[in-house]
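In: here is my input, please return the structure:
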Amino acid sequence: MKPASRAENVDELRKRKDVLDNTWMLAITLSASSIIVFWYLGLGQVDITPIVWTLAALALAQVILNSRTAKCTSGGQLRSLAQTSEMVGIIGMAIAWHLFGGLQQPMFPLFIMLPLFTGVLILNFWQQQATILLFFAVLTSGVLLSPDTNSFIEERYGLSALSTHVLPAWIPRSRVAFLDVSTSPTYNLMLTGSLAVLAVALTATARAIVALSWRSVDSLEALRNELAEARQLNASMVAKAPASEVLLTPGTGRILLASERFVSQFGVREPVAGQFLLDTVSFAYPIVIKRLITVGGEEIQGANVQGREVVLRVKAGLIEGTSPMVRLSVEPCDELCWRGAVDAWQQPVFAVNSRGRVVFLNRSAIAVFGAQMEGAEANDLFDRQPGSSRWWDIAPLESTRRVLPRGERSYLATIRRERVAESIGDLSFVHLAEREAANAPALS
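Out: Below is the predicted model:
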């Protein structure tokens, strides 16, 4: 039985109603096939013509009822239509059963039981109970209308109202399919009782299975919603990433997601998803980028971006999972070109921040002071003299020159103050030219 907590979905109920309708058509088809085979093999002495016409009329009635499913706009209408279909089907099959011999065909009610199981998918609890009660009435009619039934019930249990002798004459009895078969009332009662118990047990089991299935569906739906939220969050995180980033499929190099900065920086046309990375960014050496997408890593690449030659730092990281992805970061690194040019100078050049720390030395400066001086105090580069504790601080001047002694040598330092970024402050860039120590004037 469907938990009350589940929101009613009319489209879902229609699909379950279709399952019930298909089961009824299957039951009618199977029962008609068994009757035709019975007649063809000459296994009985009953005329099957009225039985076939009854089943044909029942099939037509079911088709008419099924055609009204699309017109139902609420769950209540669908359930009422499904219960009507169940009632009509049970009564029609009961008539065919009695025409086919009643209890002389003890397995025929199993065809009626088939739709009772799928009815659990759409009928509520009380509708299911009404359907089962009608099925019980059909089984009881099989006992009462059997031509072999006698006064056993009245004599044994004192229930004269159930005896066939008190039934009106106009009510037809079950037809005789086998003239040489006779069953006792006790056998008939045991048979119908067993079928009734079996119907109750199977429908109860079906309700339990359906209830368990709904719980599983609820859990699956919750997981599906969580997955959708996670995917949406992942897409938002990539789209709003502060760097130019893309998610790729490692095998094809197709873009799955891209950050807004990547789209604007490289002028990628919309929609981004599905495009090849190498079609969106013109790298100088595409084969290197293909290798990065496959194995991950970091490379420096030249590229043409919107008609301008730039240097890019490309970083790729593999994301393992059932659907592997590659996270690729592409950022300009023109400072490499600047550093390379400054490193090529023969003149020593270094930079000092506002806190007096050395933040950059070119190769010539490293040859003079040593690589260990990067990050050291600027005062440690030269010999200290009175009044020279902050020799690099030339504010409010933009540039000036000073002579700085270091051991037996002295250097003419051209100092220029530059504002790199508001958060970093001023940097003092120092260009050195060596002077003779003997001719060196005092530190200005």
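In: pretty sure Ala211 sits in a helix.
Out: Yes - counting by DSSP: H, G, I helix; E, B strand; the rest coil, Ala211 is part of a helix.
In: for it, give me the pLDDT.
Out: Per-residue pLDDT puts Ala211 at 84.
In: what do you get for the one 4 residues further on?
Out: As predicted, Arg215 sits at a pLDDT of 85.
In: and Asp18, by the same measure?
Out: The confidence metric pLDDT takes the value 91 at Asp18.
In: could you find the closest non-adjacent residue to it?
Out: Using C-beta to C-beta, 6 or more residues apart in numbering and skipping the chain neighbours, the partner closest in space to Asp18 is Thr69 (7.2 Å). (C-beta placed from N, C-alpha, C; glycine too.)
In: what do you get for Asn353?
Out: Val359 (5.2 Å).
In: next up, phi/psi of that neighbour, please.
Out: When read as degrees, to the nearest 10, the backbone of Val359 gives phi -110, psi -10.
In: who are the contact partners of it?
Out: Going by C-beta atoms under 8 Å, 6 or more residues apart in numbering, Val359 touches Ala351, Val352, Asn353, Glu374, Gly375, Leu427.
In: drop anything exposed from the residues you listed.
Out: Buried by 16 or more other C-beta atoms under 10 Å: Ala351, Val352, Asn353, Glu374, Leu427, out of the contacts of Val359.
In: list the contacts of stretch 77-90.
Out: By C-beta under 8 Å, 6+ apart, the residues outside stretch 77-90 that reach it are 10, 13-14, 17, 20-21, 24, 27-28, 58, 61-62, 65-66, 68-69, 72, 112, 115-116, 119, 122-124, 127, 130-131, 134-135, 138.
In: which parts of that stretch are buried?
Out: Applying a neighbour-count criterion of 16+ other C-beta under 10 Å, one finds Leu78, Arg79, Leu81, Ala82, Gln83, Ser85, Glu86, Val88, Gly89, Ile90 buried in stretch 77-90.
In: closest one to Pro332 out of those, please.
Out: Taking C-beta to C-beta as the measure, Pro332 lies nearest Leu78 of the buried residues of stretch 77-90, at 61.8 Å.
In: hmm, back to that, counting only helices, which of the contacts of stretch 77-90 make the cut?
Out: 10, 13-14, 17, 20-21, 24, 27-28, 58, 61-62, 65-66, 112, 115-116, 127, 130-131, 134-135, 138 (DSSP state H).
In: now the strands for this structure?
Out: Counting by DSSP state E, the chain has these strands, from start to end: 245-248, 255-258, 282-283, 297-305, 308-319, 325-332, 349-353, 358-361, 399-406, 409-421, 425-435.
In: as a markdown table, the ones you listed with mean pLDDT and distance to Gln275 would be great.
Out: Listed next are those as a markdown table, based on pLDDT from 0 to 100; distance: least, C-beta to C-beta, whole Å:
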| stretch | mean pLDDT | distance to Gln275 |
| --- | --- | --- |
| strand 245-248 | 90 | 10 |
| strand 255-258 | 88 | 5 |
| strand 282-283 | 87 | 13 |
| strand 297-305 | 84 | 16 |
| strand 308-319 | 85 | 17 |
| strand 325-332 | 87 | 13 |
| strand 349-353 | 90 | 41 |
| strand 358-361 | 88 | 39 |
| strand 399-406 | 89 | 49 |
| strand 409-421 | 83 | 34 |
| strand 425-435 | 83 | 40 |
